[in-house]
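Student: Quick one, what's the 3D model for this:
(2 chains)
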Amino acid sequence: MRGPARETVKQGRRVRRLAHLLDRWLLPLYALLAVSYLALPVLVMILFSFNDPSGRSNISWRGFSLESWFDPLGQPGLAEAVTTSLAVALFATLAATVLGVLIGLALVRHRFRGRSSINLLIFLPMSTPEIVLGVSLLTLFLASTQYAFVPEGTFFPLGFHTILIAHIMFNISYVVVTMRARLQGFPRHLEEAAMDLGANEWTTFWRVTFPLILPGVMAAALLAFSLSIDDYVITVFTSGQATTFPLYIYGSQQRGIPVQVNVVGTIIFLVAVGMVVLSTLLQRWQRPDPVEAVEVEGART
Amino acid sequence: MSWFRRHPTATAYLLLAPGIAYLAIFYLYPTLQMFLVSLWTGTVEAGYQLTFNFGIYPQALAQYSDHFLRSLLYGAIATLLTFLIGFPLAYFIAFRGGRYKSLLLFLVIAPFFTSFLLRTLSWRIIFADQGLALGPLKDLDLLPEEFRLTATPSAVIAGITYNFLPFMTLPLYVALERIPPNLLEAAEDLYAGTWQRFRRVTLPLALPGVFAGTLLTFIPAMGDFVNAELLGSPQSQMIGNVIQARFLRVSDYPTGAALSFILMAAILVGVFIYARVVGTEELTGGTS
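Tutor: Below is the predicted model of the structure:
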């Protein structure tokens, strides 16, 4: 081999070695760093739930203590805030899941005119900044006092019910999108088979459709619940005098956040993670995903 | 044959009606109402009147142009950073995840199970002047004593980057995951090098994910005010801080509504152009 050719081969080998290095070591290392970066604040939150609560703020480490864990709601107003958050999240999840699942079913199972407009309407609330959602609802509530057809006291004073209205609104789109992702390839012929065998709509829905969509419904409801319990921005515009857990955190950050806030945050985190792990395991062990099972069945025949 | 089976289209509209009506009343109408409120004049005490005061728009834009520019700048930098961090991560999970794929995806989503505010406040603990990160470096004299990260624009951008990283990573992952492996093999068979294969096959096929991730990150980043409030200083306030203050501190509803409307209009124009280019189904995640 002559000089230049050998140079090219050498160069090629060097490039390949570099690519190998990148692929084999740098990429995994990078991914590990990125995941650690994502996890770090969560770990700090958990760690600082064990901080000695003697000081005014929970910014610097003062020593290990379990005191706050034995009294997680022992701050004025904290118990009410957590209760409000849980109640809002529960009712908002129920309502948004029902409304969203109905839309999801229509989108997955039916062809109709105006489909792309509906898709756009579902997408818009998710692509509107939260602050605009909060502001626009607040303007509706403010202006409603000028409209004769809105009974006095419908929205004002703002409180639990207006927070709930807001949370249902922003959750619907997320429920629809989750449902639709889970329902792609929905086996319509199973419903048709049930009906051909003499089942009416009611029976067909509860015995065939509902079990098929249940995993999707559960995933959507979990997402809605976690979005609702964490929301600050939309809530602050629609809350009036009511306080949710995020509003409590924000309100206390100027005078110093009590350690109990980290304890409650850690408990919410652990419960959420536990629920996700549990639902994954249940799906994997109890029975295969019905939609998938049907697809496998269909592939076999 | 029952009514529902004979009228599938009517059934579809019946299923849609409650949810769509809800969104019409509590999403679409309030948007119009926000526009109307921006044209009010008056005060809280004396009451407001709809006077079609369009002059508020140039006035608000002129007065708060710095805040708009700052939102645009912080949002753009943060979006770029989430891409630089999120793309290799999504690539690794999609192609090298192996049996750890579910675990890695779970770790990407896990921060969502913690309060957004608590995560942001954790950064304040980490980056405090004598905190976990800076304290030791200062003790070793690697950093000057007066060096600080909190209350700087960098802290705000870092906070936004952190909080919206999963919004970038997940759509990228979904797009990369969908690439059929035989396309990559084909590229190899046709003597494409690693780099060429990445640039000519992987990257173009990942573009829908890049677009989706960019929108999902940039839009909330533009409207954010929590990071600027918790990690920044008065000099790093964004347009969201102004809107929040107009509504909740000084009760200047028209200006606040006008600023929100400008923010939303700017974003919607972008989304509409995007929807035209890729189609609404692709945008909202449906393929049917």
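
Student: Find the nearest non-adjacent residue to residue 222, please.
Tutor: Here I'm looking at chain A. A:Met275 (6.3 Å; C-beta to C-beta, 6 or more residues apart in numbering or on different chains). Where C-beta positions appear, they are placed from N, C-alpha and C, glycine not excepted.

Student: should've been chain B
Tutor: Looking at B:Met222 with C-beta to C-beta, 6+ apart, the closest residue is B:Gly75, at 4.3 Å.

Student: dump the residue contacts of that neighbour.
Tutor: B:160, B:218, B:221-222, B:224 (C-beta atoms under 8 Å, 6 or more residues apart in numbering or on different chains).

Student: And B:Leu89, by the same measure?
Tutor: Taking C-beta under 8 Å, 6+ apart, one finds A:30-31, A:34-35, B:108, B:169 in contact with B:Leu89.

Student: rerun at 6 Å
Tutor: For B:Leu89, the contact set (C-beta atoms under 6 Å, 6 or more residues apart in numbering or on different chains) comprises A:31, A:34, B:169.

Student: ok, now which ones touch the last one?
Tutor: By that I understand B:Thr169. B:Thr169 neighbours (C-beta under 6 Å, 6+ apart): B:86, B:89-90, B:108.

Student: May I ask which helix or strand encompasses it?
Tutor: Element membership for B:Thr169, per DSSP states H and E: helix B:153-177.

Student: Go through that helix and flag the buried ones.
Tutor: B:153, B:155-177 (16 or more other C-beta atoms under 10 Å in any protein chain shown).

Student: ok, now which ones touch the residue most central in space within chain A?
Tutor: With distances taken as C-alpha atoms, centre = their mean, A:Leu223 lies nearest the centre of chain A, 3.1 Å away. A:Leu223 makes contact with A:174, A:178, according to C-beta under 6 Å, 6+ apart.

Student: what comes up buried for the helix or strand that contains it?
Tutor: Per DSSP H and E, A:Leu223 falls inside helix A:210-230. For helix A:210-230, burial by neighbour count (16+ other C-beta under 10 Å) applies to A:212-213, A:215-230.

Student: Which residue would be the closest one in the stretch 101-250 of chain B to chain A?
Tutor: B:Gly223 (2.5 Å; C-beta to the nearest C-beta).

Student: number of nearby residues for that residue?
Tutor: Neighbour count of B:Gly223, defined by other C-beta atoms under 10 Å in any protein chain shown: 26.

Student: Burial check on residue 37, number of neighbours?
Tutor: Went with chain A since none was named. For A:Tyr37, using other C-beta under 10 Å, the count is 15.

Student: wrong chain, I was asking about chain B
Tutor: Neighbours of B:Val37 (other C-beta under 10 Å): 25.

Student: Also A:Tyr147?
Tutor: A:Tyr147: 10 neighbours (other C-beta under 10 Å).

Student: show me what contacts A:Ile122?
Tutor: Per C-beta under 6 Å, 6+ apart, neighbours of A:Ile122: A:173, A:176.

Student: Just confirm it is within a helix.
Tutor: Yes. The assignment for A:Ile122 is a helix, going by DSSP: H, G, I helix; E, B strand; the rest coil.

Student: re the thing from before, retrieve the pLDDT associated with the residue nearest to A:Leu222.
Tutor: Confidence at A:Met275, expressed as pLDDT, is 84.

Student: and if you look at A:Thr83?
Tutor: 93.

Student: likewise A:Leu38?
Tutor: 91.

Student: do the same with A:Thr93
Tutor: On the pLDDT scale, A:Thr93 gets 96.

Student: How about the contacts made by it?
Tutor: A:221, A:224-225.

Student: how about stretch A:225-237, does it reach chain B?
Tutor: Yes. For stretch A:225-237 and chain B, the contact criterion (C-beta under 6 Å from any C-beta of the partner chain) is met by A:230, A:232.

Student: what's in contact with that stretch?
Tutor: By C-beta under 6 Å, 6+ apart, stretch A:225-237 touches A:85, A:89, A:92-93, A:130-131, A:133-135, A:138, A:163, A:166-167, A:244, A:246, A:272, B:115-117.

Student: if we can go back for a sec, and the contacts of B:Gly75, which is closest to B:Phe35?
Tutor: Set against B:Phe35, the nearest of the contacts of B:Gly75 by C-beta to C-beta is B:Met222 (18.9 Å).

Student: What pLDDT is listed against residue 225?
Tutor: No chain in the question, so chain A it is. At A:Phe225, pLDDT is 91.

Student: please go with chain B instead
Tutor: On the pLDDT scale, B:Phe225 gets 92.

Student: Check whether it really touches B:Ile243, as I assumed.
Tutor: No. B:Phe225 lies out of contact with B:Ile243 (C-beta atoms under 6 Å); the separation is 7.4 Å.

Student: Looking at the two, which one has more neighbours?
Tutor: B:Ile243 (28 against 24).

Student: what sits against that one?
Tutor: Contacts of B:Ile243 (C-beta under 6 Å, 6+ apart): A:131, B:256, B:259-260.

Student: out of these, who has the most neighbours?
Tutor: Ranked by neighbour count (other C-beta under 10 Å), these have B:Ser260 at the top, with 32 neighbours.

Student: which ones are touching that one?
Tutor: With C-beta under 6 Å, 6+ apart, B:Ser260 has these contacts: A:132, A:135, B:34, B:243.

Student: Would you verify that B:Glu145 is located in a strand?
Tutor: No. With three-state DSSP as the criterion, B:Glu145 is coil rather than part of a strand.

Student: What pLDDT does the model give it?
Tutor: For B:Glu145, pLDDT reads 70.
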